[in-house]
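> coords please:
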Amino acid sequence: MSITRRNHYVPEWYQKRFLSSQKSAFYYLNLIPPTIDLSNGKKKKLNSIRWPLKPSQCFYLKDLYTTHYYGLLNDEIERYLFGRIDNLGVKAVAAMAEQ
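So this is what the prediction gives:
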């Protein structure tokens with residue numbers, strides 16, 4: 001089984017609830033856009049608006065819930081804790097929204 005390295009702090013199912021049926025991606029504002037060094041010694045910020053980004057590409061950090069022990073990676077927090085929360089959460093939010 002492969003290790004989950006992209007850990008979403010906003011679940012993908014929750015993000016999808018903010019998309020209309022015609023849209024499948026977000027316009028995303030990057031508050032810390034990357035910079036490049038120009039030949040004259042100045043720095044330039046790149047475009048802070050990125051689009052389109054799918055929910056799988058938004059609101060995640062690499063290894064947010066991954067633990068490291070002596071060079072071994074472990075993603076049990078993501079799989080067992082947050083996986084269960086996400087599975088129950090999607091059903092609970094859908095039930096509340098339908099009533």
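> these two touch, right, Glu12 and Ser56?
Yes. At 5.9 Å, Glu12 and Ser56 qualify as touching, with contact defined as CB atoms under 8 Å. All C-beta atoms are positioned from the backbone trio N, CA, C, and that covers glycine.
> Those two: who's more crowded?
Using other CB atoms under 10 Å as the criterion, Glu12 and Ser56 rank with Glu12 on top: 16 against 12.
> can you pull the contacts of the more buried one?
By CB atoms under 8 Å, 6 or more residues apart in numbering, Glu12 lies in contact with Pro55, Ser56.
> which phi and psi does the closest residue to Ile77 other than its chain neighbours have?
Closest residue to Ile77 apart from its sequence neighbours, by CB to CB, 6 or more residues apart in numbering: Tyr65 at 4.4 Å. Tyr65 adopts backbone torsions of phi -110, psi 20, taken as degrees, to the nearest 10.
> measure Tyr65 to Ser24 for me?
Remark: distance between Tyr65 and Ser24 (CB to CB, to the nearest Å) = 26 Å.
> try Lys62
In terms of CB to CB, Lys62 sits 24 Å off from Ser24.
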